[in-house]
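From the sequence below, what's the structure:
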Amino acid sequence: MRDDPLERLLFAAPGRLRAPYRFALWLAAWFAATGPLRGYAISLTPVALVPVLTPWYAPLAVLGATALLLRRVDERPWDDVGLGRAAFAPRQWATGLAIGTVAVAVPVVLLVATGLLAHRRGSEGPVLAAMATTAWALLPPALTKELVMRGYPFALLRQAIGWPVATALTAVAFGLAHLGNPGVTAQAIALVIAAGIWLALVRLVTGSLVAAWMAHFAWNWWLAGGFHAPVSGLPFPTPGWRLVDAGPDWLTGGQWGPEAGLLSAVGMLAALALLARGPLAPRRAALAAAPPFDDPSRGPAAARSTT
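Got it, this is the predicted structure:
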């Protein structure tokens with residue numbers, strides 16, 4: 001690189017924009033995809049499929065922005081954002097679902113067993129159909145949040161300032177993104193930030209954004225579709241039964257739901273223990289297979305040679 005102040009300001013190395021500019025380009029691409037491009041995509045969708053497919057346009061927009069920056073600007077493989085071929089292995093899907101299930105089941109089961117959450121009669125309607133509808137409704141937003149919080153931006157932060165600070169910053173952003181939810185409290189936001197750290201650790205340990213997505217989805221689905229409780233203060237259909245608060249809000253979560261109670265932290269720790277030491281612990285070979293995004297030896301030329 002020439003000794004040019006402007007080049008030093010814009011580029012960290014020859015041909016590589018500094019992280020803030022890449023993040024700005026990613027944001028611009030994402031907003032473009034969620035604006036006119038989204039409207040154009042909806043206009044091409046058959047009317048009968050609009051309610052079914054529209055929720056998936058949001059994660060596809062983020063994925064498109066990620067693809068553009070990752071492949072055309074950074075010239076790096078999908079492994080760097082946890083979306084390489086290994087990230088989609090059946091074990092990763094199963095691990096994420098199991099980790100998310102354990103994290104949410106532990107606090108809910110404890111609260112029900114101690115009578116702090118009680119079962120009440122729910123609304124009328126088919127239970128299985130509601131469970132399936134809830135699953136379809138929760139899959140796209142969970143993917144969107146993982147792509148935004150622990151996808152490309154997380155990788156940029158990891159490269160620039162290391163994974164601990166990247167984890168902390170994205171977790172705080174994850175918590176602040178929930179400030180507008182009904183029944184929000186300081187404790188609820190604190191525990192959502194803890195959930196952001198938990199999901200980042202799932203992403204880091206497994207090397208898979210798919211595993212983090214499935215953990216996020218399983219957490220939400222079990223609350224809404226399995227236990228019939230609110231999710232981050234948002235109500236969902238409760239045919240057959242529902243869980244109601246019968247104890248102090250600091251333990252039960254109150255209007256926000258069980259994830260805002262202190263026992264949710266116990267569930268996340270139990271899930272991480274299972275991920276670190278239990279049968280779901282990733283194989284050492286799998287952890288070593290994909291080099292981290294912040295590995296300086298993985299420049300554009302290296303990426304071209306491996307893709």
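
give me the number of residues near Ser43?
The local packing of Ser43 (other CB atoms under 10 Å) involves 8 other residues. In short, each C-beta sits where N, CA and C put it, glycine included.

again with Pro164
As a measure of burial, Pro164 has 10 neighbours, counting by other CB under 10 Å.

and it, that's in a helix?
Yes - assessed by DSSP: H, G, I helix; E, B strand; the rest coil, Pro164 belongs to a helix.

What separation do you get for it and Ala200?
Separation of Pro164 from Ala200 (CB to CB, to the nearest Å): 10 Å.

just checking, what packs against the helix or strand where Arg120 lies?
With secondary structure defined by DSSP states H and E, Arg120 is part of strand 117-121. Counting contacts by 3 or more CB pairs under 8 Å, 6 or more residues apart in numbering; DSSP states H and E, strand 117-121 is packed against helix 90-113, strand 241-245.

chain center to the last one: distance?
By that I understand strand 241-245. 26 Å (CA atoms, centre = their mean, to the nearest Å).

what's downstream of that strand, the next helix or strand?
helix 249-252.

going on from that next one, what's the next piece of helix or strand?
Taking DSSP H and E, what comes next after helix 249-252 is helix 263-277.

Show me which positions of that following helix end up buried.
263-265, 267-268, 270-272, 274-275 (16 or more other CB atoms under 10 Å).

Can you classify Met131 as helix, strand or coil?
Quick answer, by three-state DSSP: Met131 is helix.

give me the low-pLDDT residue ranges for the stretch 151-300 of the chain?
The model of the stretch 151-300 of the chain has pLDDT under 70 over residues 283-300.

go again using 90 as the cut-off
For the stretch 151-300 of the chain, applying pLDDT under 90 flags the ranges 159-160, 183, 237, 275-300.

Could I get the full set of helices for it?
With DSSP state H, counting those that start in this stretch as the criterion, the stretch 151-300 of the chain has helices at 152-161, 163-176, 186-206, 209-221, 249-252, 263-277, 284-289, 300-306.

deepest of the ones you listed, which one?
Using mean count of other CB atoms under 10 Å, the stretch among the helices of the stretch 151-300 of the chain with the largest mean neighbour count is helix 209-221, at a mean of 28.

what helices or strands is that one leaning on?
Packing partners of helix 209-221 (3+ CB pairs under 8 Å, 6+ apart): helix 90-113, helix 127-150, helix 186-206.

Report the distance from that helix to the chain centre.
The chain centre lies 7 Å from the centre of helix 209-221; the measure is CA atoms, centre = their mean.

quick one: contacts of that helix?
Applying CB atoms under 8 Å, 6 or more residues apart in numbering, the external contacts of helix 209-221 come out as 81-83, 87-88, 92-93, 95-101, 103-104, 134-135, 138-139, 142-143, 145-147, 150-151, 195, 199-200, 202-203, 206, 231, 259, 271.

switch to 6 Å and redo it
If you take CB atoms under 6 Å, 6 or more residues apart in numbering as the criterion, helix 209-221 is touched by 82-83, 87-88, 92-93, 95-97, 99-101, 103-104, 135, 138-139, 142-143, 146, 150-151, 199, 202-203, 231.
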